[in-house]
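Student: Generate a structure from the sequence data that follows.
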Amino acid sequence: MFARHCVTAEIMKEANDIQWFLFIDADMGVINPNHLIEEWIDNSVNIILYNRIFNHEVMAGSYLAKNTPYSQKFLRFWANYELQLRFPAFGSDNGAIHNVLLELIFPKKVSEREFCESIWMEVKNFDDLNLYVACVRNIIDEATIWPNQLRILPKGEAWARDTWITDSMWSERDFILHGWQKRRINRIAFAGWPSPFVSHNFNLSLCTNFDTVSSNWQYKDTFIRSNFEVERWLNKTIIASSRDFEKHLKLLTSRQRL
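Tutor: Residues are numbered from 1 along each chain as shown. Model prediction:
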(Lines give C-alpha, C1' and ligand atoms only; values in the text may rest on other atoms or scores of the structure.)
Protein backbone atom coordinates (compact mmCIF):
# COMPACT_ATOMS: atom_id res chain seq x y z
CA MET A 1 0.00 0.00 0.00
CA PHE A 2 2.91 2.36 0.67
CA ALA A 3 4.33 1.93 -2.82
CA ARG A 4 1.28 3.47 -4.48
CA HIS A 5 2.31 6.91 -3.24
CA CYS A 6 5.76 6.48 -4.77
CA VAL A 7 4.11 5.51 -8.06
CA THR A 8 2.02 8.68 -7.88
CA ALA A 9 5.13 10.80 -7.27
CA GLU A 10 6.89 9.22 -10.26
CA ILE A 11 3.91 9.81 -12.54
CA MET A 12 3.78 13.43 -11.38
CA LYS A 13 7.47 13.85 -12.17
CA GLU A 14 7.01 12.53 -15.71
CA ALA A 15 3.80 14.50 -16.39
CA ASN A 16 5.12 17.97 -15.62
CA ASP A 17 2.46 19.57 -17.84
CA ILE A 18 -0.30 18.53 -15.41
CA GLN A 19 -0.84 20.94 -12.50
CA TRP A 20 -2.90 18.83 -10.09
CA PHE A 21 -3.40 15.10 -9.51
CA LEU A 22 -6.34 13.39 -7.82
CA PHE A 23 -5.44 10.12 -6.11
CA ILE A 24 -8.34 7.77 -5.30
CA ASP A 25 -8.70 4.26 -3.90
CA ALA A 26 -9.80 1.47 -6.23
CA ASP A 27 -13.12 1.23 -4.38
CA MET A 28 -14.09 4.85 -5.00
CA GLY A 29 -16.34 6.13 -7.74
CA VAL A 30 -18.33 9.13 -8.91
CA ILE A 31 -21.93 9.05 -7.71
CA ASN A 32 -22.75 12.53 -9.02
CA PRO A 33 -21.06 13.69 -12.27
CA ASN A 34 -22.42 17.21 -11.84
CA HIS A 35 -19.40 18.20 -9.76
CA LEU A 36 -15.84 19.05 -10.82
CA ILE A 37 -12.78 18.27 -8.68
CA GLU A 38 -11.68 21.87 -9.22
CA GLU A 39 -14.24 22.84 -6.58
CA TRP A 40 -11.80 21.54 -3.95
CA ILE A 41 -8.50 22.83 -5.33
CA ASP A 42 -6.67 25.38 -3.18
CA ASN A 43 -3.58 26.82 -4.85
CA SER A 44 -2.23 28.17 -1.55
CA VAL A 45 -1.13 24.64 -0.61
CA ASN A 46 0.52 21.65 -2.30
CA ILE A 47 -1.31 18.70 -0.72
CA ILE A 48 -5.02 18.55 0.17
CA LEU A 49 -6.15 15.78 2.52
CA TYR A 50 -9.45 15.32 4.33
CA ASN A 51 -10.83 14.02 7.61
CA ARG A 52 -12.91 10.89 7.55
CA ILE A 53 -16.37 11.33 9.01
CA PHE A 54 -16.89 8.23 11.13
CA ASN A 55 -13.57 8.26 13.04
CA HIS A 56 -10.50 10.43 13.75
CA GLU A 57 -8.45 9.46 10.70
CA VAL A 58 -6.99 11.57 7.96
CA MET A 59 -8.00 9.70 4.79
CA ALA A 60 -5.07 7.99 3.08
CA GLY A 61 -7.03 6.68 0.11
CA SER A 62 -7.69 9.97 -1.64
CA TYR A 63 -5.90 13.28 -1.87
CA LEU A 64 -5.18 16.16 -4.22
CA ALA A 65 -1.53 16.85 -4.99
CA LYS A 66 -0.19 19.88 -6.81
CA ASN A 67 2.58 18.88 -9.19
CA THR A 68 5.44 20.49 -7.25
CA PRO A 69 8.72 19.30 -5.70
CA TYR A 70 7.09 19.63 -2.26
CA SER A 71 4.27 17.22 -3.16
CA GLN A 72 6.61 14.70 -4.75
CA LYS A 73 8.92 14.81 -1.73
CA PHE A 74 5.96 14.42 0.64
CA LEU A 75 4.63 11.38 -1.22
CA ARG A 76 8.05 9.71 -1.39
CA PHE A 77 8.60 10.29 2.31
CA TRP A 78 5.23 8.66 3.00
CA ALA A 79 5.95 5.78 0.61
CA ASN A 80 9.29 5.05 2.30
CA TYR A 81 7.94 5.36 5.83
CA GLU A 82 7.37 1.64 6.23
CA LEU A 83 11.10 1.04 5.77
CA GLN A 84 12.17 3.33 8.61
CA LEU A 85 9.80 1.96 11.25
CA ARG A 86 11.17 -0.33 13.95
CA PHE A 87 7.86 -2.19 14.20
CA PRO A 88 5.08 -3.47 11.90
CA ALA A 89 2.88 -0.61 10.73
CA PHE A 90 -0.64 -1.68 11.68
CA GLY A 91 -3.06 0.18 9.47
CA SER A 92 -0.50 0.31 6.68
CA ASP A 93 -0.21 3.69 4.95
CA ASN A 94 -3.49 4.78 6.53
CA GLY A 95 -1.93 4.63 9.97
CA ALA A 96 1.39 5.98 8.79
CA ILE A 97 0.01 9.20 7.29
CA HIS A 98 -0.52 10.48 10.82
CA ASN A 99 3.10 9.98 11.82
CA VAL A 100 4.17 11.47 8.50
CA LEU A 101 2.19 14.60 9.30
CA LEU A 102 3.82 14.87 12.72
CA GLU A 103 7.32 14.55 11.29
CA LEU A 104 6.85 16.96 8.40
CA ILE A 105 4.51 19.56 9.92
CA PHE A 106 5.56 19.37 13.58
CA PRO A 107 9.25 18.32 13.45
CA LYS A 108 10.00 19.81 16.89
CA LYS A 109 7.36 17.77 18.72
CA VAL A 110 9.65 14.76 19.03
CA SER A 111 8.65 13.61 22.52
CA GLU A 112 4.96 13.90 21.67
CA ARG A 113 5.43 11.89 18.48
CA GLU A 114 7.42 9.22 20.30
CA PHE A 115 4.61 8.85 22.85
CA CYS A 116 2.10 8.31 20.05
CA GLU A 117 4.49 5.86 18.38
CA SER A 118 4.66 3.86 21.61
CA ILE A 119 0.90 3.41 21.34
CA TRP A 120 1.12 2.56 17.63
CA MET A 121 3.70 -0.14 18.39
CA GLU A 122 1.14 -1.96 20.55
CA VAL A 123 -1.78 -1.73 18.11
CA LYS A 124 -3.39 -5.11 17.40
CA ASN A 125 -6.75 -4.07 15.94
CA PHE A 126 -8.60 -1.06 14.57
CA ASP A 127 -9.96 -0.09 17.98
CA ASP A 128 -6.37 0.22 19.17
CA LEU A 129 -5.51 2.17 16.03
CA ASN A 130 -8.19 4.72 16.90
CA LEU A 131 -6.34 5.46 20.14
CA TYR A 132 -3.09 6.07 18.27
CA VAL A 133 -4.83 8.30 15.73
CA ALA A 134 -6.48 10.27 18.54
CA CYS A 135 -3.04 10.78 20.05
CA VAL A 136 -1.79 12.32 16.82
CA ARG A 137 -4.90 14.40 16.21
CA ASN A 138 -4.63 15.83 19.71
CA ILE A 139 -1.22 17.22 18.75
CA ILE A 140 -2.41 18.56 15.42
CA ASP A 141 -5.39 20.08 17.26
CA GLU A 142 -7.93 22.03 15.21
CA ALA A 143 -5.43 23.34 12.65
CA THR A 144 -6.56 22.65 9.10
CA ILE A 145 -4.16 24.58 6.87
CA TRP A 146 -0.42 25.17 6.69
CA PRO A 147 0.21 27.68 3.86
CA ASN A 148 2.54 26.51 1.09
CA GLN A 149 2.43 23.00 2.57
CA LEU A 150 -0.92 21.27 2.99
CA ARG A 151 -4.44 21.48 4.30
CA ILE A 152 -6.84 18.97 5.84
CA LEU A 153 -10.48 19.49 4.92
CA PRO A 154 -12.98 19.21 7.80
CA LYS A 155 -15.36 16.29 8.13
CA GLY A 156 -18.09 16.34 5.51
CA GLU A 157 -16.49 19.04 3.35
CA ALA A 158 -14.36 16.93 1.01
CA TRP A 159 -14.92 15.60 -2.50
CA ALA A 160 -15.49 12.09 -1.15
CA ARG A 161 -16.93 10.23 1.82
CA ASP A 162 -17.67 6.68 2.95
CA THR A 163 -20.83 5.31 1.33
CA TRP A 164 -21.89 3.07 4.22
CA ILE A 165 -22.45 6.03 6.56
CA THR A 166 -25.73 6.75 4.78
CA ASP A 167 -26.44 3.22 3.50
CA SER A 168 -25.59 4.45 -0.01
CA MET A 169 -28.16 7.25 0.18
CA TRP A 170 -26.81 10.37 -1.51
CA SER A 171 -27.77 13.88 -2.56
CA GLU A 172 -26.65 16.70 -4.84
CA ARG A 173 -23.93 17.62 -2.33
CA ASP A 174 -22.07 14.36 -3.00
CA PHE A 175 -19.42 13.80 -5.67
CA ILE A 176 -17.42 10.63 -4.97
CA LEU A 177 -18.27 7.75 -2.64
CA HIS A 178 -15.78 5.39 -1.02
CA GLY A 179 -16.31 1.74 -0.11
CA TRP A 180 -17.71 0.27 -3.32
CA GLN A 181 -16.18 -3.17 -2.84
CA LYS A 182 -17.78 -6.14 -4.61
CA ARG A 183 -17.17 -8.42 -1.64
CA ARG A 184 -19.20 -6.10 0.60
CA ILE A 185 -22.14 -5.32 -1.67
CA ASN A 186 -25.48 -6.18 -0.06
CA ARG A 187 -23.63 -7.55 2.98
CA ILE A 188 -24.89 -6.96 6.51
CA ALA A 189 -21.45 -6.19 7.94
CA PHE A 190 -19.15 -3.25 8.57
CA ALA A 191 -18.85 -1.23 5.35
CA GLY A 192 -21.56 -3.30 3.68
CA TRP A 193 -23.46 -1.33 1.07
CA PRO A 194 -26.49 -1.64 -1.20
CA SER A 195 -25.92 -0.38 -4.73
CA PRO A 196 -27.57 2.94 -5.61
CA PHE A 197 -27.41 2.04 -9.32
CA VAL A 198 -29.91 0.21 -11.50
CA SER A 199 -27.04 -1.20 -13.56
CA HIS A 200 -23.27 -1.49 -13.15
CA ASN A 201 -22.65 -1.82 -16.89
CA PHE A 202 -21.06 1.48 -17.86
CA ASN A 203 -20.70 2.19 -21.57
CA LEU A 204 -17.34 3.95 -21.79
CA SER A 205 -18.01 5.08 -25.36
CA LEU A 206 -20.65 7.45 -23.95
CA CYS A 207 -17.94 9.20 -21.94
CA THR A 208 -16.48 10.85 -25.03
CA ASN A 209 -19.52 13.08 -25.48
CA PHE A 210 -20.68 15.59 -22.88
CA ASP A 211 -24.30 15.18 -23.98
CA THR A 212 -24.33 11.40 -23.49
CA VAL A 213 -21.98 10.79 -20.58
CA SER A 214 -24.69 11.20 -17.92
CA SER A 215 -26.59 8.25 -19.46
CA ASN A 216 -24.21 5.95 -17.60
CA TRP A 217 -25.60 7.03 -14.24
CA GLN A 218 -28.88 5.14 -13.92
CA TYR A 219 -30.00 5.56 -10.33
CA LYS A 220 -32.43 3.81 -8.05
CA ASP A 221 -34.80 6.62 -7.09
CA THR A 222 -35.11 5.50 -3.47
CA PHE A 223 -31.42 6.25 -2.87
CA ILE A 224 -31.64 9.91 -3.91
CA ARG A 225 -32.27 12.16 -0.92
CA SER A 226 -32.24 15.87 -0.12
CA ASN A 227 -29.08 17.67 0.99
CA PHE A 228 -30.75 18.34 4.33
CA GLU A 229 -31.44 14.65 4.96
CA VAL A 230 -27.93 13.51 4.00
CA GLU A 231 -26.24 16.27 6.00
CA ARG A 232 -28.36 15.44 9.04
CA TRP A 233 -27.20 11.82 8.73
CA LEU A 234 -23.57 12.88 8.39
CA ASN A 235 -23.77 15.33 11.30
CA LYS A 236 -25.12 12.58 13.53
CA THR A 237 -22.05 10.49 12.67
CA ILE A 238 -19.73 13.46 13.23
CA ILE A 239 -21.19 14.01 16.71
CA ALA A 240 -20.72 10.31 17.56
CA SER A 241 -17.14 10.49 16.30
CA SER A 242 -16.47 13.54 18.47
CA ARG A 243 -17.70 11.67 21.54
CA ASP A 244 -15.44 8.74 20.73
CA PHE A 245 -12.54 11.17 20.36
CA GLU A 246 -13.14 12.54 23.86
CA LYS A 247 -13.20 8.98 25.25
CA HIS A 248 -9.88 8.24 23.57
CA LEU A 249 -8.36 11.44 24.95
CA LYS A 250 -9.27 10.30 28.48
CA LEU A 251 -7.56 6.97 27.84
CA LEU A 252 -4.48 8.82 26.60
CA THR A 253 -4.40 10.97 29.73
CA SER A 254 -4.50 7.88 31.94
CA ARG A 255 -1.62 6.32 29.97
CA GLN A 256 0.50 9.44 30.28
CA ARG A 257 0.18 9.26 34.06
CA LEU A 258 1.67 5.75 34.17
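Student: Every contact and neighbour count from this point should use C-alpha atoms.
Tutor: OK.
Student: mind checking how far the nearest residue to residue 49 once chain neighbours are set aside is from residue 116?
Tutor: Nearest in space to residue 49, with sequence neighbours left out and distances taken as CA to CA, 6 or more residues apart in numbering, is residue 152 at 4.7 Å. Relative to residue 116, residue 152 is positioned 20 Å away (criterion: CA to CA, to the nearest Å).
Student: Residue 81 now?
Tutor: Going from residue 81 to residue 116 by CA to CA gives 16 Å.
Student: Could you check which of these two has the larger neighbour count?
Tutor: Legend: neighbour count by other CA atoms under 10 Å for residue 81 and residue 116, higher for residue 116 (22 against 19).
Student: Secondary structure element for that one, which one?
Tutor: Taking DSSP states H and E as the definition, residue 116 sits inside helix 110-121.
Student: where along this structure do the helices fall?
Tutor: Secondary structure of the chain by DSSP state H: the helices cover 3-14, 69-79, 81-84, 92-105, 110-121, 126-140, 227-256.
Student: if we can go back for a sec, so what's the residue nearest to residue 49 up against?
Tutor: Contacts for residue 152 were tallied using CA atoms under 8 Å, 6 or more residues apart in numbering; they are 48-51, 58, 144-145.
Student: Tell me, what's the model's pLDDT at it?
Tutor: pLDDT for residue 152: 97.
Student: cool, and the one 10 residues further on?
Tutor: With respect to pLDDT, residue 162 scores 97.
Student: Spatially, which residue comes closest to it, not counting chain neighbours?
Tutor: residue 178 (4.6 Å).
Student: I'd like to know how many residues surround residue 17.
Tutor: The burial count assigned to residue 17 is 9, neighbours taken as other CA under 10 Å.
Student: now swap in residue 209 and tell me
Tutor: Residues contacting residue 209 under the criterion other CA under 10 Å number 9.
Student: What separation is there between it and residue 219?
Tutor: Applying CA to CA, one obtains 20 Å for the distance of residue 209 from residue 219.
Student: same check, this time on residue 189
Tutor: Counting by CA to CA - residue 189 and residue 219 are separated by 23 Å.
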